[in-house]
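Participant: Just a sequence and a predicted model for now, questions to come.
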Amino acid sequence: MSWIPVVSAVLGAVIGLGSALVGDRIRWRREQGGHWLTLRREVYVGYLNALHEANQTMRAVSLGDFPPETTRDLAARAAFREAGVNQAQEHLVLVASEQVIRAAGETTTALRGLRDRIRGGEDHTAADYQSEFHFFSDRLHELRNAMRRDLGVTALETQIPI
């Protein structure tokens, strides 16, 4: 009968250790989930900022705001490149869901369409430019909502103007 207290003590220690390990594992997973959520949010914001900067700078080019020693074509291409859209998209590809990556690709393609219209001499008042701009704006709205869903936030019905 003297082995019962020993078995009870060992069994209690095993249960205690096991529950502590399970608790630590749950806490670690929660912290990792929070870390990945924060990382995705930062990458998403970086990508959206790059899109915004490229759009605004290309719009300025469409209005003739670029150095006289360069061509409109080169200024529009430089505006897109210097905003870092491609680099920001590469960061996004590493951490985003498939839906966000797909929406980002469509948005970048639509922004390139605007760039190409500007390169061709159109400004923001041209009908074809406006059509292309609305296409870009719609893709951006879809991208924002894909990002929101991925971050666990409800989608927006309202399309935020850019």
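Facilitator: Arrived safely.

Participant: Now do the helices in the chain.
Facilitator: With DSSP state H as the definition, the chain shows helices at residue ranges 3-62, 72-82, 85-95, 98-119, 127-150.

Participant: among those, which is nearest E157?
Facilitator: helix 127-150 (9.2 Å; CB to CB). For the C-beta atoms, the positions are set from N, CA and C on the backbone; glycine is no exception.

Participant: Now for the chain, the helix or strand with the poorest mean pLDDT.
Facilitator: Sorting the helices and strands of the chain by mean pLDDT, DSSP states H and E puts helix 3-62 at the bottom, at a mean of 78.

Participant: about what we covered before: make a markdown table out of the helices of the chain and add distance to L156 and mean neighbour count.
Facilitator: Conversion of the helices of the chain to a markdown table gives the following (distance: least, CB to CB, whole Å; neighbours: other CB atoms under 10 Å):
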| stretch | distance to L156 | mean neighbour count |
| --- | --- | --- |
| helix 3-62 | 13 | 14 |
| helix 72-82 | 26 | 18 |
| helix 85-95 | 19 | 17 |
| helix 98-119 | 14 | 19 |
| helix 127-150 | 6 | 18 |
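
Participant: Nearest to T158 among these would be which one?
Facilitator: Going by CB to CB, the one of the helices of the chain nearest T158 is helix 127-150, 9.0 Å.

Participant: Please find the angle between the direction vectors of that closest one and helix 85-95.
Facilitator: Calculated by axes from the mean of the first three to the mean of the last three CA atoms, to 10 degrees, helix 127-150 forms an angle of 30 degrees with helix 85-95.

Participant: ok, and what's touching helix 127-150?
Facilitator: Surrounding helix 127-150, the residues in contact under the criterion CB atoms under 8 Å, 6 or more residues apart in numbering are 40, 44, 48, 51, 55, 62, 96-97, 99-100, 102-104, 106-107, 109-111, 113-114, 117-118, 122-124, 154-156, 159-162.

Participant: Not including adjacent chain positions, what is the nearest residue to the spatially most central residue of the chain?
Facilitator: By CA atoms, centre = their mean, the mean C-alpha position of the chain lies nearest to Y44, the distance being 2.4 Å. Nearest residue to Y44 in three dimensions, chain neighbours excluded: M147, at 4.7 Å (CB to CB, 6 or more residues apart in numbering).

Participant: From A60, how far off is the one you found?
Facilitator: Computed as CB to CB, to the nearest Å, the M147 to A60 distance reads 26 Å.

Participant: and what of I160?
Facilitator: From I160 to A60 the distance is 21 Å (CB to CB).

Participant: one step back: looks like the residue nearest to the centre of the chain contacts I101 (just checking).
Facilitator: No. Y44 is not in contact with I101 according to CB atoms under 8 Å; the separation is 11.4 Å.
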